[in-house]
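>>> Any chance you could fold what I've pasted below:
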Amino acid sequence: MHVGHTAIFQNPNQAVPDYQIYQEDMAIAKECADIGFQSVWGIEHHFTDYIMNPNITQFLSYMAGYNSKIKVGSMVVVMPWYPAIRIAENMAMLDAMSDGRALFGFGRGLSRIEFEGLQLNMSESTERMIETAQAVMQGLEQGYVEYDGKVIKQIKARIRPEPFKSFRNRIYAPSISPSSAPIMAKLGVGVLIIPQKPWEVHIQDLKVYEKIFRDTHGTTPPKPIITSYTVCHHDAGKAKDLAAKYIGGYWREVVKHYEMNGAHFAKTTGYEYYADVAAKLQAEGADGLTDFFMDLQVYGTPQQCYDKISRIYEQSHCCASINAFKFGGMPYADARASMQLFAKEVMPELRKLGPEPLFDSEPAAPPAFMAA
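Numbering: from 1, shown residues only. Just a heads-up that it's a prediction; the model follows:
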């Protein structure tokens with residue numbers, strides 16, 4: 001199994017300077033790269049203290065330059081927020097700079113705050129995501145973007161630097177709402193699972209995805225990637241206390257940033273699933289789902305962390321575990337200790353689970369000037 005790290009850059013209520021968060025989270029990301037995590041990922045968000053990473057490929061370019069072995073992944077580029085040609089250019093540039101180590105995750109977006117701040121219509125997001133994804137994926141294979149859709153109109157424009165390597169097997173997207181799995185299957189991309197539903201529901205969605213993928217493309221889909229908010233400690237009680245405080249704190253930031261208990265989802269085309277989530281939150285209160293969210297994540301002693309990811313693997317046949325260690329206001333020292341313990345005692349055992357993902361199915365030839 002592939003094991004990676006996600007940098008979060010979260011600063012609840014701006015408790016400390018944003019600069020401090022960046023220095024601490026970057027230090028953990030760099031140490032993860034140094035001690036054997038196989039990839040570092042970033043999550044794009046704007047305007048709030050929820051996740052402060054407005055330029056995901058800039059962060060990933062830094063990490064690719066810092067360490068020449070790790071892969072660098074977007075979790076995710078939000079397709080409706082950009083012209084297709086700009087996304088294709090950014091990914092081609094990141095891939096050229098990193099010598100083919102870029103992993104491309106994309107999504108639709110969920111935050112009204114961000115859509116409004118970027119002056120975009122959230123009700124168009126599903127259609128805009130699908131058409132942009134088609135345009136970008138085609139562009140990365142053919143070297144130019146040209147698209148005539150219902151909402152996306154792009155005259156032929158070359159991608160420079162030219163893509164030098166196929167992105168097949170390197171493109172993933174989240175599948176959270178029930179409508180997402182069929183969309184991602186038809187697009188032909190892998191699934192990135194960010195746990196927010198009972199695992200049995202995620203697994204059922206995966207089965208739907210796999211059938212549609214096979215029926216549409218005549219081949220087996222990539223194995224899913226699983227992400228987790230992770231707390232590892234030698235003392236089980238201490239681990240649970242830390243998880244309750246900081247995974248719980250992360251969940252409260254989710255509710256606030258996405259206005260998860262608001263009424264706007266019911267009025268926004270394509271977000272009916274989240275209207276149901278909002279109704280449940282209004283009935284139970286935001287804290288009513290904190291324990292539920294926490295238990296979807298990974299926390300405990302090294303053995304408990306391994307057992308949880310192993311159970312997820314047995315159910316989902318995932319090919320990668322991507323772990324965040326600092327979030328919800330967790331102090332740097334606690335996050336670093338958790339990460340180091342996970343790396344020492346959990347990661348080596350995870351690497352023995354299942355096959356590696358097919359990220360390197362088409363290796364790049366060395367540039368001519370580097371040939372012997």
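
>>> and the lowest-mean-pLDDT helix or strand in the chain, C-alpha only, in CSV?
Within the chain, no helix or strand scores below helix 272-284, which has a mean of 83 by mean pLDDT, DSSP states H and E. The C-alpha atoms that make up helix 272-284 are tabulated as CSV, following Å, rounded to 0.1, in the frame of the first residue of the first chain:
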residue,chain,number,x,y,z
GLU,A,272,-29.6,17.8,-2.7
TYR,A,273,-27.5,15.3,-0.7
TYR,A,274,-26.1,18.1,1.4
ALA,A,275,-29.6,19.5,2.1
ASP,A,276,-30.3,16.1,3.8
VAL,A,277,-27.1,16.4,5.8
ALA,A,278,-28.1,20.0,6.8
ALA,A,279,-31.5,18.8,8.0
LYS,A,280,-29.8,16.1,10.1
LEU,A,281,-27.4,18.6,11.6
GLN,A,282,-30.3,21.0,12.4
ALA,A,283,-32.1,18.1,14.2
GLU,A,284,-29.1,16.8,16.1
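
>>> what does that helix rub up against?
110, 176-179, 255, 258, 260-263, 265-266, 288-289 (C-beta atoms under 8 Å, 6 or more residues apart in numbering). (Glycine included, C-beta is placed from N, CA and C.)

>>> Can you list the residue ranges for helices in the stretch 101-250 of the chain?
All helices of the stretch 101-250 of the chain, identified by DSSP state H, counting those that start in this stretch, fall at 112-117, 125-142, 180-187, 199-217, 236-242, 248-258.

>>> Select, out of those helices, the one closest to L94.
Nearest to L94 among these is helix 125-142 (11.3 Å), distances taken as C-beta to C-beta.

>>> That closest one vs helix 180-187, what angle?
Helix 125-142 runs at 30 degrees relative to helix 180-187, counting by axes from the mean of the first three to the mean of the last three C-alpha atoms, to 10 degrees.

>>> elements contacting helix 125-142?
Applying 3 or more C-beta pairs under 8 Å, 6 or more residues apart in numbering; DSSP states H and E, one finds that helix 125-142 contacts helix 84-97, strand 102-107, strand 144-148, helix 180-187.

>>> tell me the contacts of the closest residue to M97 other than its chain neighbours?
Counting by C-beta to C-beta, 6 or more residues apart in numbering, M97 lies nearest to S61, which is 5.6 Å off, once chain neighbours are set aside. For S61, the residues meeting the contact criterion (C-beta under 8 Å, 6+ apart) are 72, 93-94, 97-98.

>>> And S61, how far from A96?
10 Å (C-beta to C-beta, to the nearest Å).

>>> Kindly report the same for C32.
Distance from C32 to A96, by C-beta to C-beta: 24 Å.

>>> ok, those two, which is more surrounded?
Counted by other C-beta atoms under 10 Å, C32 and A96 do not tie: C32 has more neighbours, with 28 against 17.

>>> So what touches the helix or strand containing the more buried one?
For C32, the host element (DSSP states H and E) is helix 18-35. Residues outside helix 18-35 that contact it (C-beta under 8 Å, 6+ apart): 5, 7-11, 40, 52, 63, 66-67, 69-70, 325-326, 332, 335-336, 339-340, 343.
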